[in-house]
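J.: A structural model of the following input is requested.
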Amino acid sequence: MLGVLRGGKGIFTRYCVRLNPRMIANLASEPNEVSRADLIPLGLKDAVQPKRAFILCFITMMAAADFLKKSRESSGIYQSKNPISYMDEDTLTIEASFFFWFNFSRFIVHAIREGALTEADQDALMTAGKILCSMIEIWTRRSASNIFASRLLEYEESEQFENPIETFVRILLRSIGKRSFDEPDQPLPLDLAATAVSSSVMIYMTAMLPKHLNLYKHIVQNYPMD
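T.: Predicted structure coming up:
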């Protein structure tokens, strides 16, 4: 477990940072309807959804929390003058969760083609996106679906000419100064600190994305799924 967060964390971030691989694996081992589990917020207790959709959503949120954690560590992936360190923490966590979901979508399509996953995982992906937006809305009391859709469109359009990680960094930099994820984006800063952040995020994501993706594949292949 990542442990108790220091004060000042956003409510969605506080929920995400509770998640860890063992907790998600324990949820996967549940024989009954997972939406009844203690981990599920009250607003989703009556939602009958595939277990693998909840698993995928929780791994996405856990990955976002890990990215936030690393971005706040002085000895971590960023320089001390990292402009992202001034971001509203829920905004950072939410944008990271959108980015990880997008990468899951690409990973699952590829894994289905190779026979490592099935169409059930494709269906779970779409449901997981809806659950993610519901989670955000439950904890922040702000609408997330339209922003989620707009970010996915931006990733889809930009991947034709750049790595999605570069798009993610640009979105983060446009989010500096926002007090909530649903506020309008800010002008893109064009300074050396932003360039350094782009390089650091690229290194982090290149190392961590495969680990999060493989965790999902391991769980659905080794635990009972619906």
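J.: which secondary structure elements does the host helix or strand of residue 14 contact?
T.: Per DSSP states H and E: residue 14 is located in helix 11-16. Judged by 3 or more C-beta pairs under 8 Å, 6 or more residues apart in numbering; DSSP states H and E, helix 11-16 is in contact with helix 51-72, helix 89-113, helix 119-140. (Glycine included, C-beta is placed from N, CA and C.)
J.: most tightly surrounded among those?
T.: Sort those by mean neighbour count, taking mean count of other C-beta atoms under 10 Å, and helix 51-72 sits at the top with a mean of 24.
J.: thinking residue 86 is in contact with residue 176, fair?
T.: Yes - assessed by C-beta atoms under 8 Å, residue 86 is found in contact with residue 176 at 6.0 Å.
J.: who has more neighbours, those two?
T.: Each of residue 86 and residue 176 has its neighbours counted (other C-beta atoms under 10 Å); residue 176 has more, 20 against 9.
J.: thought the more buried one was touching residue 91?
T.: No - with contact defined as C-beta under 8 Å, residue 176 does not reach residue 91; the gap is 9.2 Å.
J.: Return the distance of the residue positioned nearest the centre of the chain relative to residue 222.
T.: For the chain, the residue nearest the mean C-alpha position is residue 97 (2.0 Å; C-alpha atoms, centre = their mean). Here residue 97 is placed at a distance of 24 Å from residue 222 (C-beta to C-beta, to the nearest Å).
J.: same deal with residue 153?
T.: Counting by C-beta to C-beta, the gap from residue 153 to residue 222 is 34 Å.
J.: Tell me where the model's unsure across the chain.
T.: Applying pLDDT under 70 to the chain picks out residues 1-9, 31-39, 41-48, 73-83, 190-196.
J.: try 50
T.: Under the criterion pLDDT under 50, the flagged ranges of the chain are 1-8, 74-79.
J.: So in it, which helix runs the longest?
T.: Longest helix in the chain by number of residues, with DSSP state H as the criterion: helix 192-222.
J.: list the buried ones in it?
T.: 193-194, 197-198, 200-202, 204-205, 208-209, 212-213, 215-216, 219-220 (16 or more other C-beta atoms under 10 Å).
J.: packing partners for that helix?
T.: helix 21-28, helix 51-72, helix 89-113, helix 164-174.
J.: what angle do the third one and helix 119-140 make?
T.: It refers to helix 89-113. Taking axes from the mean of the first three to the mean of the last three C-alpha atoms, to 10 degrees, helix 89-113 and helix 119-140 form an angle of 170 degrees between their directions.
J.: other SSEs contacting helix 89-113?
T.: helix 11-16, helix 51-72, helix 119-140, helix 145-158, helix 164-174, helix 192-222.
J.: That one relative to helix 192-222, how many degrees between them?
T.: 50 degrees.
J.: how far does stretch 157-165 stretch from start to finish?
T.: 13 Å (C-alpha to C-alpha, to the nearest Å).
J.: Pull the residues that contact it.
T.: 99, 102-103, 155, 166-167, 201-202, 205-206 (C-beta atoms under 8 Å, 6 or more residues apart in numbering).
J.: which pair in these spans the largest distance?
T.: 155 and 206 (16.6 Å; C-beta to C-beta).
J.: now the spatially closest residue to residue 62 that is not a sequence neighbour, what's its secondary structure?
T.: Excluding the flanking residues, the one nearest residue 62 by C-beta to C-beta, 6 or more residues apart in numbering is residue 19, at 3.9 Å. With DSSP: H, G, I helix; E, B strand; the rest coil as the basis, residue 19 sits in coil.
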